[in-house]
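*Asks:* Show me how the following folds:
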Amino acid sequence: QVQLVESGGGSVQAGGSLRLSCAVSGQISNILQRGWFRQFRGKEREGVAVIDTDGSAIYSDSVKGRFTIAQGNADKVLYVYLQMNKLTIEDTGTYYCAIERWGCGAMDYWGKGTQVTVSS
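*Replies:* Numbering: from 1, shown residues only. Model prediction:
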């Protein structure tokens, strides 16, 4: 079992920054990828950024150059961060952290999400 808990969401004005954190605990030894996704009301969930075990990362075109995904480990907990700069109203949504374990082929554990609201 794997548990994911997001934090760091909030309200910010356009042009501002936020840093999201995700604490991943439990059976974390076989995690292949970890990533951030977001969903706005009435829209499908979309991928934001994904990072591999070797640190290589990919970003959606809409956040490339503004967001940075990073990871760390401490006390048997895996942390996944999302630094979000130059936020726009279009970045508003619920942000979810997720992980993919080896052999699963897709993200198979998700957090409950943290809300990000960007106002003009």
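*Asks:* Contact partners for the nearest residue to Leu4 once chain neighbours are set aside?
*Replies:* Nearest residue to Leu4, sequence neighbours excluded (Cβ to Cβ, 6 or more residues apart in numbering): Gly111, at 3.7 Å. For glycine as for every other residue, the C-beta is placed from the backbone atoms N, C-alpha and C. By Cβ atoms under 8 Å, 6 or more residues apart in numbering, the residues touching Gly111 are 4-6, 22, 96-98.
*Asks:* Could you give me the buried positions within the strand or helix carrying Gly72?
*Replies:* Taking DSSP states H and E as the definition, Gly72 sits inside strand 67-74. Using 16 or more other Cβ atoms under 10 Å as the test for burial, strand 67-74 gives 67-69, 71.
*Asks:* Centroid-nearest residue for this structure?
*Replies:* A centroid search over the chain (Cα atoms, centre = their mean) returns Trp36, at 2.4 Å, as the residue closest to the centre.
*Asks:* Ser62 reaches Glu90, doesn't it?
*Replies:* Yes: in terms of Cβ atoms under 8 Å, Ser62 counts as a neighbour of Glu90; the distance is 7.2 Å.
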